[in-house]
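Asker: Here you go, sequence then predicted model.
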2 protein chains.
Amino acid sequence: MLSKPADNGVMGETRNSEHPTEPSLGAYLKEARRATGLTLRQVEEETSKAVTNGYLSQIENDDIIQPSPRILYSLATTYGIDYSDLLRRAGHTVPNETDDQYSDARALGAVNGFPLRSLQDLTETETEHLLAYIEFMKSRR
Amino acid sequence: MLSKPADNGVMGETRNSEHPTEPSLGAYLKEARRATGLTLRQVEEETSKAVTNGYLSQIENDDIIQPSPRILYSLATTYGIDYSDLLRRAGHTVPNETDDQYSDARALGAVNGFPLRSLQDLTETETEHLLAYIEFMKSRR
DNA sequence: CTGCGCTGCTTAGTAGCCTAAGCGGACGTG
DNA sequence: CACGTCCGCTTAGGCTACTAAGCAGCGCAG
């Protein structure tokens, strides 16, 4: 089943030529950061300065085309998103995935009591709304 | 074709999975090239100039510390050695490969492109709100 | 000998990632 | 008002991968 990051709902922007209407790396990363409710400097701190705030800004605004794996790995772990997917989005060649590593079986579990099943059949627009809603909630704490 | 890092014919020093006396990237690549009987310029030609002969010489003599994934991939395919292994030897963070270090939730990465980290620190009330919101969205299709 | 081709290698220069420092604006506080 | 803090963002510069061109050495043919 569709466990591949092929169809990500985050952001509906149009850009990349490889995948149909995939947002730019910068746009995707900016959305991912906002979804976690972190600021540029908070990311800098959480990555132990592996990614400085100014540089992250450059990445998110597509001034940096292809960040290094090291940077992408830091961001993937702090945002909780897939590292291989980030590599691919950045245009790096990803080593043989042999598929199935994040199988749906496990993906159907729960995070923090949150049933992931409810996220699976969301449309792009719905995902966008959901992220905005999370962002909103966190901003009101 | 693709030899696992466990046993590829090239070089015998691959046995241990970690530090002890692993040849430098340059030494390993030089040995791999010689094992295939290719010259520097033959590699350049076979990679369609993706790796020029002069640059390959720099890599083999450890003048270049960390070649990019793109370069390493070209070499891996022309030599018939494992790409992930090359990434690791070059010091790049390799995806997959038993990242047991992280909790299941984080290892999951993203479902449907949805950054799971954004769900991890939600309060019960917030989770309820979110679920209600999802239900609401789906009911309005 | 001279020349030619092929070997590995060197080297000057360019491109782009990445850092450190600082900018202006928004917001709250005294 | 000033002051401090946080926000995203910009900019100058360094560092390094990477390119293009050319070098010296070796073997072999003429």
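Answerer: Yes, it's here.
Asker: Tell me if the helix or strand containing A:Asp85 is near chain B.
Answerer: When elements are assigned from DSSP states H and E, A:Asp85 belongs to helix A:83-89. Yes: contact of helix A:83-89 with chain B is found when judged by Cβ under 8 Å from any Cβ of the partner chain, involving A:83-85, A:87. Where you see a C-beta, it was placed from the backbone N, CA and C, and this is true even at glycine.
Asker: and that helix, what other elements does it pack with?
Answerer: helix A:25-36, helix A:69-79 (3 or more Cβ pairs under 8 Å, 6 or more residues apart in numbering or on different chains; DSSP states H and E).
Asker: tell me the mean pLDDT for it?
Answerer: The predicted model gives helix A:83-89 an average pLDDT of 95.
Asker: re earlier: can you redo the residues of helix A:83-89 next to chain B as a markdown table with neighbour count and distance to A:Arg70?
Answerer: Formatted as a markdown table, these follow (neighbours: other Cβ atoms under 10 Å in any protein chain shown; distance: Cβ to Cβ, whole Å):
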| residue | neighbour count | distance to A:Arg70 |
| --- | --- | --- |
| A:Tyr83 | 21 | 11 |
| A:Ser84 | 20 | 15 |
| A:Asp85 | 22 | 16 |
| A:Leu87 | 23 | 11 |
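Asker: List just the nearest of those residues to DNA strand D.
Answerer: A:Leu87 (14.3 Å; Cβ to the nearest atom of the strand).
Asker: And DNA strand D, is the helix or strand hosting A:Val43 touching that?
Answerer: A:Val43 belongs to helix A:40-46 when elements are defined using DSSP H and E. Yes: contact of helix A:40-46 with DNA strand D (Cβ under 7 Å from any atom of the strand) involves A:40-42.
Asker: Which residue does chain A have closest to DNA strand D?
Answerer: A:Gly54 (2.2 Å).
Asker: got the contact list for the closest residue to that residue other than its chain neighbours?
Answerer: Spatial nearest neighbour of A:Gly54, excluding adjacent residues (Cβ to Cβ, 6 or more residues apart in numbering or on different chains): A:Leu40 at 7.9 Å. Contact analysis of A:Leu40 by Cβ atoms under 8 Å, 6 or more residues apart in numbering or on different chains lists A:33, A:53-54, A:56-57.
Asker: Would you quantify the distance from A:Leu40 to B:Arg88?
Answerer: With distances taken as Cβ to Cβ, to the nearest Å, A:Leu40 is found 31 Å from B:Arg88.
Asker: one step back: mind listing what's buried in the helix holding A:Val43?
Answerer: A:40, A:43-44, A:46 (16 or more other Cβ atoms under 10 Å in any protein chain shown).
Asker: Looking at those residues, which is nearest A:Thr78?
Answerer: A:Glu46 (5.0 Å; Cβ to Cβ).
Asker: wait, doesn't that closest one sit right on A:Thr78?
Answerer: Yes: with contacts counted by Cβ atoms under 8 Å, A:Glu46 reaches A:Thr78, the gap being 5.0 Å.
Asker: Return every residue with contacts to both of those two.
Answerer: Joint contacts of A:Glu46 and A:Thr78 (Cβ under 8 Å, 6+ apart) are A:Leu38.
Asker: got the CA coordinates for stretch A:38-49 in CSV?
Answerer: Below are the C-alpha coordinates for stretch A:38-49, written out as CSV (Å, rounded to 0.1, in the frame of the first residue of the first chain):
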residue,chain,number,x,y,z
LEU,A,38,9.8,25.5,15.8
THR,A,39,11.4,28.8,14.9
LEU,A,40,14.6,29.0,12.8
ARG,A,41,16.7,29.6,15.9
GLN,A,42,15.0,26.7,17.8
VAL,A,43,16.0,24.4,15.0
GLU,A,44,19.5,25.7,15.2
GLU,A,45,19.6,25.0,18.9
GLU,A,46,18.0,21.6,18.6
THR,A,47,20.5,20.5,16.0
SER,A,48,23.3,21.7,18.2
LYS,A,49,24.2,24.3,15.5
